[in-house]
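In: Sequence and predicted structure are below.
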Amino acid sequence: MRTHNTVALSVLAGVAIGGLAVQGLHAQAKLKAYSVSELEIADIKADEAYIPLARKAIADAHGRPLRTALGRVVHIEGAAAPKTAAIVEWDSLDDAVAFYKSKAWTDLAPQREKAYKAVRRYVVETEK
């Protein structure tokens, strides 16, 4: 009887470990993504008021702002660099796209339009 218990516990432990491994592999399969917004500030005061609202909406959607919105942008090569760039890390490209199509984002449009003009906004997915 003791051997049966040992075998049963071993099988159960193997199933549990296998399940955790599969779950871990699925989590790793998601590729991170970064949204990049190239901006021209229209009104610095409006922008300073808007940034905390945008950061909260992004955080509520599980994005992680890299706090680049008021940082310096330095041109290295190619077309001229934007005056300002905001970068946000997302768990996946789908999460980023969903946020930019969300009610939370569209509700911020009036404040955003006072604060800055978006030159370009795009999402970049990382490699495996």
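Out: Cool, got the structure. This is a predicted model, so every value here is computed, not measured.
In: who's in contact with the residue nearest to Glu89 when sequence neighbours are not counted?
Out: Leaving aside its sequence neighbours, Glu89 sits nearest to Arg64 (CB to CB, 6 or more residues apart in numbering; 4.4 Å). Backbone N, C-alpha and C define where each C-beta goes, glycine included. Listed by CB atoms under 8 Å, 6 or more residues apart in numbering, the contact set of Arg64 reads 58, 88-90.
In: Selection in ChimeraX covering whichever of those are buried, please.
Out: Here is the ChimeraX command that selects the buried residues among those (16 or more other CB atoms under 10 Å):
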select :58,88,89,90
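In: Now, the contacts of Arg64 that are in helices?
Out: Ile58 (DSSP state H).
In: following the helix or strand of the chain with the lowest mean pLDDT, which helix or strand comes up?
Out: Lowest on mean pLDDT, DSSP states H and E among the helices and strands of the chain sits helix 2-29, with a mean of 55. Where DSSP states H and E defines the elements, the next helix or strand beyond helix 2-29 is strand 33-41.
In: strand partners of that following strand, parallel vs antiparallel please.
Out: strand 84-90 (antiparallel), strand 116-125 (antiparallel) (DSSP bridges).
In: got the contact list for the first one?
Out: When you say that, I think you mean strand 84-90. For strand 84-90, contacts defined as CB under 8 Å, 6+ apart pick out 32-41, 58, 62-66, 68-71, 73, 96, 99, 116, 123.
In: Pull the distance from it to the chain's centre.
Out: 8 Å (CA atoms, centre = their mean, to the nearest Å).
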